[in-house]
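Colleague: what shape does this take:
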Amino acid sequence: MTNALIYLIVMIAVAAVVFLLAALVFGRGEELAPLPPGASPTRLPSGDITAEDVRELKFQQVFRGYKMSEVDWALQRLSTEVETLRARVAELEDAENLESSEHGA
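Modeller: Got it, this is the predicted structure:
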């Protein structure tokens, strides 16, 4: 029984050392350096949003992922942009259909 307990303690100690070494060598896997507390990389233009704006969008990292308020804000802005673009496409398609029906009549 004592041998089993010693083996268990040694295994836990070895696993902890391996984990700590791996964490030091490989880090957290982040591509970007952490931001100072309170700083936010989340930026979108006040006007029209381009595909490049979306590609460059970054969120502040917190303990379990990204800051939820920033993600919610970005999704709201993007959904508004998509709605605006879809409304404009529908408007242009209606105008085109109206023109083609006038020419066909």
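Colleague: the helix-or-strand element of the chain with minimal mean pLDDT: what's the following helix or strand?
Modeller: The helix or strand with the lowest mean pLDDT-type score in the chain, counting by mean pLDDT, DSSP states H and E, is strand 61-62 (a mean of 74). Once the chain leaves strand 61-62, the next helix or strand it forms, by DSSP states H and E, is strand 65-66.
Colleague: what about residue 54, neighbour count?
Modeller: 12 (other Cβ atoms under 10 Å). Where C-beta positions appear, they are placed from N, C-alpha and C, glycine not excepted.
Colleague: tell me the contacts of the residue nearest to it when sequence neighbours are not counted?
Modeller: By the measure of Cβ to Cβ, 6 or more residues apart in numbering, the closest residue to residue 54 outside its immediate chain neighbours is residue 78, 7.0 Å from it. Contact criterion Cβ atoms under 8 Å, 6 or more residues apart in numbering gives 44, 49, 54 as the residues in contact with residue 78.
Colleague: need phi/psi at the first one.
Modeller: Backbone geometry at residue 44, expressed as degrees, to the nearest 10, gives phi -140, psi 150.
Colleague: and the helix or strand the residue nearest to residue 54 falls within, what's buried?
Modeller: Under DSSP H and E, the secondary-structure element containing residue 78 is helix 68-104. Within helix 68-104, the residues scored as buried using 16 or more other Cβ atoms under 10 Å are 70, 74, 77, 81.
Colleague: look up how far residue 62 lies from the second one.
Modeller: If I follow you right, that is residue 74. 15 Å (Cβ to Cβ, to the nearest Å).
Colleague: where does residue 58 land in three-state SS?
Modeller: coil (DSSP: H, G, I helix; E, B strand; the rest coil).
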